[in-house]
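> For reference, the sequence and a predicted model appear below.
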Amino acid sequence: MQKLDDSSFRNELIELIYGSLLEHGKWKQFLDQLNGMMRHAKTTFMYYDSVVRQGYFSLTSGYTDDEVAAYNAHYNTINPWMPKAAVRRVGVGVTSDHMFDADLLRRTEFYNDYLLKGGLEGGAGLTVFRDKGRSFVLTTLMSAKDHQSSAKLADLFTELSPHLARAFSYHRSSAKDSDGSRAQCQLLDAAGIGLVIVDEDGRVRMLNGTAESLIDQDCGLRLAPNRAVVFATGSLQDMLKGMCRRYSTDRVRRSELGLHEKRLEITMVRMQSDTLREFLMGPSVAVLMKPLALGDSLSRYALSSRETEVAKAIIAGKSIRQIADERSLSRETVRTQLKSVFAKLGVASQLELVRKFRGH
């Protein structure tokens, strides 16, 4: 395609790359401009993690929402080009045929169920940079008619590579410098709420003074030597891991954490950021830690006043006989109230009740 050899077209793309340093919307214009030079093509910035062998589309041009969702949900795990992208030379554009044999490609599920459905044959790609086994890639896939120009496109990608690398480096350093809000930390400190902001690996990016104090008090959350957040309960650890996954659909999750005499309301919030920042830096998750009194925690379960009294007494270590004697009730009445407590709290025994609210 003649336009690929056009120096003015290349310069327009370079201008858009550097324009992105001042205006994030320029990245979409860059992709649209690049994609628009072909009759039928789809272009994206994408990400591939060689450790978990998964990759995702980020900013795109030419793709429908359904195509992006299908790729991110399934086809990213079977894309035969991506393992090669994880080891190829950074900064050099390559064609899809160079990455994976075209005849073998046509026998794959990825080709027959995804590429053909989108009218695509192959294209070219560029690994802009690689960090901790994660490759950040620019790729354009083309129709069969355009595919003959893939070598020229790969050459164009190589020319654009140093400019893309500089722009990405700037965006990454800017994101690190501005990550988190000191004012937000101070506001939550004043409210007595702990805040821990973690990256996609579950490692601390920022925490406020209240969170530090709670962690020092053995609250059921600790920091590993590598600064990763470690919860005392597996369910919370799994919740955090899920929230930190790229393109997780979870935005807010809540639970409770109890250890010894302390109980915390834990709220995890997927922090909002622009698409490119999340593409380069990964997601950030805010973990809010609000100390709870036992009565505050029990109030969530719609217990009656008598049921609440029984639950508090059991959690405090009292027996059914002691509770009955103190309240001038029969033991059978106390047992009936306790069974109702079990049903509402989803536990099956006094031991489970105590563990639920004291973490022993």
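That came through fine.
> Restrict stretch 64-81 to CA atoms and write it as PDB.
In PDB, the C-alpha atoms belonging to stretch 64-81 read as follows (Å, rounded to 0.1, in the frame of the first residue of the first chain):
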ATOM      1  CA  THR A  64     -16.400  -4.000  17.900                       C
ATOM      2  CA  ASP A  65     -17.000  -4.200  21.600                       C
ATOM      3  CA  ASP A  66     -18.100  -7.800  21.100                       C
ATOM      4  CA  GLU A  67     -14.800  -8.700  19.400                       C
ATOM      5  CA  VAL A  68     -12.800  -7.100  22.200                       C
ATOM      6  CA  ALA A  69     -14.800  -8.900  24.800                       C
ATOM      7  CA  ALA A  70     -14.500 -12.200  23.100                       C
ATOM      8  CA  TYR A  71     -10.700 -11.800  22.700                       C
ATOM      9  CA  ASN A  72     -10.200 -10.800  26.400                       C
ATOM     10  CA  ALA A  73     -12.500 -13.600  27.700                       C
ATOM     11  CA  HIS A  74     -11.100 -16.500  25.700                       C
ATOM     12  CA  TYR A  75      -9.000 -16.000  22.500                       C
ATOM     13  CA  ASN A  76      -6.200 -14.200  24.300                       C
ATOM     14  CA  THR A  77      -5.200 -17.600  25.800                       C
ATOM     15  CA  ILE A  78      -5.000 -19.400  22.400                       C
ATOM     16  CA  ASN A  79      -3.500 -16.600  20.200                       C
ATOM     17  CA  PRO A  80      -0.500 -18.500  18.600                       C
ATOM     18  CA  TRP A  81       1.400 -15.300  17.900                       C
END
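> average pLDDT across it?
Average pLDDT, stretch 64-81: 93.
> Ok, stretch 162-174 next?
The model assigns stretch 162-174 a mean pLDDT of 88.
> For the stretch 51-200 of the chain, which segments count as helices?
65-73, 82-85, 96-99, 102-105, 109, 150-178, 182-190 (DSSP state H, counting those that start in this stretch).
> Take those and write them to CSV, including mean neighbour count.
(C-beta placed from N, C-alpha, C; glycine too.) Compiled in CSV, the helices of the stretch 51-200 of the chain are given as follows (neighbours: other C-beta atoms under 10 Å):
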stretch, mean neighbour count
helix 65-73, 15
helix 82-85, 20
helix 96-99, 20
helix 102-105, 13
helix 109, 11
helix 150-178, 17
helix 182-190, 14
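> Now distance to Tyr47 too, for those, in a markdown table please.
Below are the helices of the stretch 51-200 of the chain laid out as a markdown table (distance: least, C-beta to C-beta, whole Å):
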| stretch | distance to Tyr47 |
| --- | --- |
| helix 65-73 | 10 |
| helix 82-85 | 10 |
| helix 96-99 | 17 |
| helix 102-105 | 21 |
| helix 109 | 21 |
| helix 150-178 | 12 |
| helix 182-190 | 27 |
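> In this protein, where is pLDDT below threshold?
Residue ranges of the chain with pLDDT under 70: 1-2, 24, 175-183, 259-262, 293-299, 357-360.
> The closest residue to Thr333 other than its chain neighbours: which element?
Using C-beta to C-beta, 6 or more residues apart in numbering and skipping the chain neighbours, the partner closest in space to Thr333 is Ala324 (7.2 Å). Ala324 belongs to helix 320-327 when assigned by DSSP states H and E.
> about what we covered before: which of the helices of the stretch 51-200 of the chain sits closest to Leu303?
Proximity to Leu303 (C-beta to C-beta) singles out helix 182-190 among those, at 29.4 Å.
> And the contacts of that closest one?
For helix 182-190, the surrounding residues in contact (C-beta atoms under 8 Å, 6 or more residues apart in numbering) are Gly194, Leu195, Met206, Leu207, Asn208, Gly209, Thr210, Leu288.
> And for stretch 207-224?
Residues contacting stretch 207-224 (C-beta under 8 Å, 6+ apart): 185-186, 188-189, 192-197, 204, 229-233, 257-260, 262, 264, 287, 289, 291, 359.
> what about that stretch, how long is it end to end?
Across stretch 207-224, the terminal residues are separated by 14 Å (C-alpha to C-alpha, to the nearest Å).
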